[in-house]
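1. here is my input; please provide its structure:
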Amino acid sequence: MATTSFVRRARAVLILALAAGTIALAGTVSPASAGLGLACPDPTGQPFTPWSDYANYAFSPNGGFESGTTGWSMSGAKVAPGNESFYIHSSGDKYSLSLPAGASATSPPMCISLLSGKMRFVARGDTGAKVNVQIVYRGLLSSVLGILDGGTMSVGKAWSPSPQIGMLGGVLPLLTSSVSFRFTASGGAASIDDVYLDPMKSS
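-> Predicted structure coming up:
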C-alpha cells in the first residue's frame, strides 16, 4: 500500500510539473507558429510600385526609426534626423538610421511564413560605401537557428531602394518562429530607412 501511495503521489507531481512547463513555454512563444505561416502580419501595401515592384509588403517593427532605437540592437549605429527622400512609409516621418563604417544594427524579430520571399529598404551613403544584409532566423526564445547572407549593395549620395533581398525561398530552418535583419556598413558611412518584408511571397 505504501508503495502504491508513493507511485500515485509521484505521478501527480510529474503531471503537475509537465502542465506548468507547458503553460510557461506557451507564454514565451511570440509570435506563435510563425514558421507554419500563422500569425504573420498582413501585407499593408505596395510601397515599391514606383520602381516596378508590385509585391505586397509589411512594414517591419519600428522599420522607420520613428521610435528611436526601440527593438533594435545597435553596434556603433544611431538614429539620426532626416528621413529618406521618398517618404515611402509616411510623409510625416523624420528619422533614419546612421551607420558609420563598421557599424551594424539588427532589427526586432518579425514573423516570417514559409512563403516569405524578399525584403527591401532604402539606403544612401558616402562614395564607395556598401551595406551588407544578413537574415537571422530565430526559434523559440529568440535563439539563432541560422544566418543567411542576403548580399551587399553599393549605395550612393542619393536615397535609393535596395534590390529585392531574397529569403530562403520558403525553406526555413526547422522550428523558425521569426526573422531579424542585420545591416552592416563598410567602405564608408551609410544610412538606411523604411525596412519592409514581403511576408507571403507575393508577386
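2. the one residue sitting closest to the centre of the chain sits in which helix or strand?
-> By C-alpha atoms, centre = their mean, the chain has its centre lying nearest to S180, at 2.9 Å. For S180, the host element (DSSP states H and E) is strand 178-186.
3. so which elements touch that strand?
-> With contacts taken as 3 or more C-beta pairs under 8 Å, 6 or more residues apart in numbering; DSSP states H and E, strand 178-186 sits against strand 95-99, strand 104-106, strand 118-125, strand 130-138, strand 144-154, strand 190-198. Just so you know, the C-beta spots here come from the backbone N, C-alpha and C atoms, and that holds for glycine as well.
4. returning to what we had before: my guess is the residue nearest to the centre of the chain contacts S143. True?
-> No - judged on C-beta atoms under 8 Å, S180 makes no contact with S143 at a distance of 11.9 Å.
5. closest one to A58 among the helices and strands packed on strand 178-186?
-> Among the helices and strands packed on strand 178-186, the nearest to A58 by C-beta to C-beta is strand 190-198 (5.6 Å).
6. direction included, what does the closest one pair up with?
-> Sheet pairing of strand 190-198 (DSSP bridges) gives strand 58-59 (antiparallel), strand 95-99 (antiparallel), strand 118-125 (antiparallel).
7. returning to what we had before: what pairs with the residue nearest to the centre of the chain across the strands?
-> With DSSP bridges as the rule, S180 is bridged to V136.
8. what ranges of the chain fall below the confidence cut-off?
-> 1-43, 113-116, 168-171, 200-203 (pLDDT under 70).
9. could you list the domains of it?
-> 1-30, 32-198 (automatic domain parsing).
10. buried deepest among those domains, which one?
-> domain 32-198 (a mean of 18; mean count of other C-beta atoms under 10 Å).
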